[in-house]
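Peer 1: Sequence first, then the predicted structure:
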Amino acid sequence: MRNPADALRADLSHIEAEAAAMIPIAGHHLHGLREFCDSMVLGVNIAADDHFGFMALNFHAKQLHHVEGILRLESHADTALLARSMLEGLCLLKWAAQEPVTRPLTWRAFSLVIDWRTLRKDVAVGVPEADAKVHQLEERIAEHGDDLLNSKAIDSRSRGVPPPSDPYVKTWYKPQLRQIFEAVGASELYDGPYYQMSEWHHWSAGGLAQAMRFDDQMMSFSPRSPMIQTASLANAYQCLAETAQLVDEHFELNAAAEIAEMINAFVAEHAALSARPQSNDR
């Protein structure tokens, strides 16, 4: 009977080999998608009140930037950090698209809160005219109603007591990220790749354990892995493709067919690789 540990090592070896074989395929398709997505938005005009369009184009640009980083980093494990950011950006944009008037406007308006916090520091050190600028920002923030107020500020108002010193939200969205992923039908992404990449991002023992190697009672730290690289490439592809689809739909760029064709080609080549028979040499 074969040693179970030997069988496990053989299975892991096969998985790594399959992941390594997928890297040039995924990289090739991601390169092609990136070039297309970069060109499809050239010359796009945004109306002043098109808040979702403004948000979508900026998210699209950042997704392209992250893809460039992933392709440059190649086997470096920090491709997972970029892919994680891309997953978060995709789901935030899809969530904003569910209420394309109010949520993108709140995203843009949150910059007022950031400026307000910066100016408050200026007030504390006595910067001239900082008080007046803070007051102006508070008036502009108030135009957005309760969208930028935190729960403590809203509760204080209802009880007729002074608000907290900082009455504003910490992020432009109020639900937790898990809830946002769930709202856009991406729970599997949150519980799967996003969670695994977060372990690496947050320095958890489980995250760093992925990079620990033991050989003859010697430990080394080697985070480079074909599985991490393949997962990063695949998730980056999905995020860029879906972001491009949102941009195409909103601006009516007539790029849907070409994006779908590229996605289908990538999926087909991946399926063909996965369908190759495994070696029986176990």
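Peer 2: Thanks, I have it.

Peer 1: Quick check: buried residues in stretch 243-251?
Peer 2: With burial defined by 16 or more other Cβ atoms under 10 Å, the residues of stretch 243-251 counted as buried are T243, A244, Q245, L246, V247, D248, H250, F251. Any C-beta I mention is one placed from the backbone N, CA and C, and that applies to glycine too.

Peer 1: ok, so of those residues, who is nearest Q63?
Peer 2: T243 (4.9 Å; Cβ to Cβ).

Peer 1: Tell me the spacing between A130 and T118.
Peer 2: Using Cβ to Cβ, to the nearest Å, A130 is found at 10 Å from T118.

Peer 1: Compare neighbour counts for those two and give me the winner.
Peer 2: Ranked by neighbour count (other Cβ atoms under 10 Å), A130 and T118 place A130 first, with 17 against 13.

Peer 1: Give me the spatial nearest neighbour of that one, chain neighbours excluded.
Peer 2: D122 (3.9 Å; Cβ to Cβ, 6 or more residues apart in numbering).

Peer 1: now H51
Peer 2: Nearest one to H51, counting by Cβ to Cβ, 6+ apart, is P104 at 3.9 Å.

Peer 1: Can you show me the helices along the stretch 151-282 of the chain?
Peer 2: For the stretch 151-282 of the chain, the helices defined by DSSP state H, counting those that start in this stretch occupy 151-159, 177-183, 187-189, 195-201, 205-209, 226-251, 256-274.

Peer 1: Determine which stretch of these is the most buried.
Peer 2: Among those, helix 226-251 has the highest mean neighbour count (mean count of other Cβ atoms under 10 Å), at a mean of 22.

Peer 1: what comes up buried for stretch 117-130?
Peer 2: So stretch 117-130, judged by 16+ other Cβ under 10 Å, has buried residues L119, A130.

Peer 1: Sorry, wrong one. I was asking about stretch 67-76.
Peer 2: So for stretch 67-76, counting by 16+ other Cβ under 10 Å, buried means V67, G69, I70, L71, L73, H76.

Peer 1: circling back: I figured the residue nearest to H51 hits Q98, correct?
Peer 2: No. Shown here, P104 and Q98 do not form a contact pair, counting by Cβ atoms under 8 Å, at 10.7 Å.

Peer 1: okay, these two: which has more neighbours?
Peer 2: Set P104 next to Q98 and count neighbours by other Cβ under 10 Å: P104 wins out with 21 against 11.

Peer 1: Show me what the strand or helix carrying that one packs onto, helices and strands only.
Peer 2: Element membership of P104, judged by DSSP states H and E, is helix 102-124. Secondary-structure packing of helix 102-124 (3 or more Cβ pairs under 8 Å, 6 or more residues apart in numbering; DSSP states H and E): helix 51-73, helix 79-98, helix 130-142.
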